[in-house]
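S.K.: take a look and give me a structure for this.
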Amino acid sequence: MIDLEVGELMDGETFSTAHIALTGLITGVLSFAVAWWLLRHEDVLAVALVGIISGLAVFLWRQSANMPQLNMDGIEGFSANDWLAPVVVYVALGCTSAFRPAESTRPFAKASALATIIALIVNVVTI
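M.R.: Below you'll find the model as predicted:
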């Protein structure tokens with residue numbers, strides 16, 4: 001477990017780049033693991049895409065939207081960024097699936113849905 005004080009992670013009402021990167025990395029690794037479990041026999045490239053795209057989507061969204069208004073919890077424990085980061089993951093993976101062969105669309109869609117759920121959980125827990 002990472003033992004950091006809240007002050008080390010936040011600069012006022014925004015998060016450090018390192019904290020956001022860690023959130024993206026955790027999302028990417030967990031999404032990769034789920035994709036490996038679902039797709040390992042079918043498409044190794046898809047496994048890598050799910051992990052990389054999920055992690056990058058979270059990092060890029062959280063970094064670009066790292067402002068006090070979006071980081072404050074509107075509902076206890078949930079900020080606008082907590083809700084929106086998984087949406088960006090879902091859209092990015094959905095756009096990727098449009099370029100995949102038709103026979104691999106369903107398993108990729110399952111991995112994408114699970115990556116979206118992982119992104120929500122990781123964003124709520126880590127930030």
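S.K.: in the chain, which helix or strand is least confident?
M.R.: Sorting the helices and strands of the chain by mean pLDDT, DSSP states H and E puts helix 6-9 at the bottom, at a mean of 44.
S.K.: residue boundaries of the helices in the protein?
M.R.: If DSSP state H is used as the criterion, the helices of the chain fall at 6-9, 17-39, 44-64, 68-71, 80-97, 105-126.
S.K.: how about those helices in a markdown table, adding mean neighbour count?
M.R.: The way it works is simple: take the backbone N, C-alpha and C, and place the C-beta from them, glycine included. Below are the helices of the chain laid out as a markdown table (neighbours: other C-beta atoms under 10 Å):
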| stretch | mean neighbour count |
| --- | --- |
| helix 6-9 | 11 |
| helix 17-39 | 20 |
| helix 44-64 | 21 |
| helix 68-71 | 15 |
| helix 80-97 | 19 |
| helix 105-126 | 20 |
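S.K.: worst average pLDDT in those helices?
M.R.: Note on the helices of the chain: lowest mean pLDDT is at helix 6-9, with a mean of 44.
S.K.: for residue 123, see how far away residue 82 is.
M.R.: For residue 82, the distance to residue 123 (C-beta to C-beta, to the nearest Å) stands at 5 Å.
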